[in-house]
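A.B. asks: sequence unavailable; structure follows:
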């Protein structure tokens, strides 16, 4: 039980971890001044350490600063906010962190996500060489820090736990669009007009979705600098992009007739089972490539999505990873057609060509648990029949375009098959 900073503290009868039978609790102590009970209100007053409740087996002691910062706080409605975070009576969220040197840091925020982000970032800063978060920030955030220097630190240390594709997109947008304009500027000198110049300069040559990605990358990077006290104000306040992003009605999916025509045309191709399975399950391409046999429950007729696999051309290597988001972890009931497809692929498993590349076991971090997980490549469901290796992400689209061109079908990409699955699901009333 945390006595806080006061010599005396009152506990309500529903205070956890004690039960609500607090009035009946048998509190004893060698010193009668330790514990007093108000029989009318049922409140227990703990004057100092040493109180023992023999009913619940609890010893009263003060928590250390570090223990107190790790405790789970609650908001005004009683819901948990996260370790080291609580909501004050004025509505602000108080985040408190104790670094490895034992020094306490706290900061107030208007929104809970901001408090959680700050907590995560100061933990990252604290892990750098065992220094305190505050000292690390002071050493790193010099007045002459450039935008380039902050971006490199931010992408490697603060958002290093994001999905590889997200960090790759952040870096691409920064290098191609942001860096040429403000990369050499001092971080403190960046103003809204500089950020707006970047977005306007992209209007002629980039799609609205790419401009939006640049807007998000810049905004996230500068917001982190503000939250860590490196700059006093967000330089993108009031900045907006004007080019429209593709609306949902523009997203490509196949009609029932187009879907049947495509499947008929793809029947003779070596990727037919992959195309058909996506139309039955809605898998993303990375989820399809990373699908392993241990994710198929033949008895329950389900498919579990818990990892992805993609080929990184720049590093010329295969990389396993978690699904796109936490909600992307899912278990999908298999339709009869999906079940039959997997059964047919499994039947040919022993006869397919296998490259020495499949002897690899790839490690990645599970997004839900934070624990290390592995992908055994010999256990992959789909292997290229020519090479004995997984088919690269881009090769699926290339083969798909070839089928469309040869059969007079308007081109579409692999992801359109996922949109088609979602469309059929909605049309069927699911």
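C.D. replies: That came in fine, so what should we check first? Please read these numbers as outputs of a predicted model, since none were measured by experiment.

A.B. asks: contacts for stretch 77-95 next, please.
C.D. replies: 69-76, 96-97, 106-112, 114-116, 118-119 (Cβ atoms under 8 Å, 6 or more residues apart in numbering). To be clear about C-beta, it is placed using only N, CA and C from the backbone, and glycine gets the same treatment.

A.B. asks: buried only: go through these for me.
C.D. replies: Burial by neighbour count, judged by 16 or more other Cβ atoms under 10 Å, picks out 69, 73, 96, 97, 107, 109, 112, 114, 115, 116, 118, 119 from these.

A.B. asks: which of those fall in helices?
C.D. replies: 69, 112, 114, 115, 116, 118, 119 (DSSP state H).

A.B. asks: Serialize these to JSON lines and add fields for pLDDT and distance to residue 318.
C.D. replies: JSON lines is the format used below for these (pLDDT from 0 to 100; distance: Cβ to Cβ, whole Å):
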{"residue": "69", "pLDDT": "46", "distance to residue 318": "40"}
{"residue": "112", "pLDDT": "85", "distance to residue 318": "38"}
{"residue": "114", "pLDDT": "81", "distance to residue 318": "37"}
{"residue": "115", "pLDDT": "83", "distance to residue 318": "38"}
{"residue": "116", "pLDDT": "82", "distance to residue 318": "33"}
{"residue": "118", "pLDDT": "81", "distance to residue 318": "36"}
{"residue": "119", "pLDDT": "82", "distance to residue 318": "34"}
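
A.B. asks: can you add distance to residue 169 and give those residues back as JSON lines?
C.D. replies: Shown next, in JSON lines, are these (distance: Cβ to Cβ, whole Å):
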{"residue": "69", "distance to residue 169": "34"}
{"residue": "112", "distance to residue 169": "26"}
{"residue": "114", "distance to residue 169": "23"}
{"residue": "115", "distance to residue 169": "26"}
{"residue": "116", "distance to residue 169": "22"}
{"residue": "118", "distance to residue 169": "24"}
{"residue": "119", "distance to residue 169": "25"}
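
A.B. asks: closest one of these to residue 150?
C.D. replies: residue 118 (16.5 Å; Cβ to Cβ).

A.B. asks: which one of the buried ones among the contacts of stretch 77-95 sits closest to residue 415?
C.D. replies: Nearest member of the buried ones among the contacts of stretch 77-95 to residue 415, counting by Cβ to Cβ, is residue 116, at 30.9 Å.

A.B. asks: the closest residue to that closest one other than its chain neighbours: neighbouring residues, count only.
C.D. replies: Using Cβ to Cβ, 6 or more residues apart in numbering and skipping residues adjacent in sequence, the residue nearest residue 116 is residue 82, 5.6 Å away. By other Cβ atoms under 10 Å, 16 other residues sit near residue 82.

A.B. asks: which SS class is residue 82?
C.D. replies: strand (DSSP: H, G, I helix; E, B strand; the rest coil).

A.B. asks: how much space separates it from residue 123?
C.D. replies: 12 Å (Cβ to Cβ, to the nearest Å).

A.B. asks: on that earlier part again, does the residue nearest to residue 116 have beta-bridge partners, and which?
C.D. replies: With beta bridges defined as DSSP bridges, residue 82 has these partners: residue 73.

A.B. asks: which pLDDT value goes with it?
C.D. replies: As predicted, residue 82 sits at a pLDDT of 81.

A.B. asks: how about low-confidence regions in the stretch 151-300 of the chain?
C.D. replies: 161, 246-251 (pLDDT under 70).
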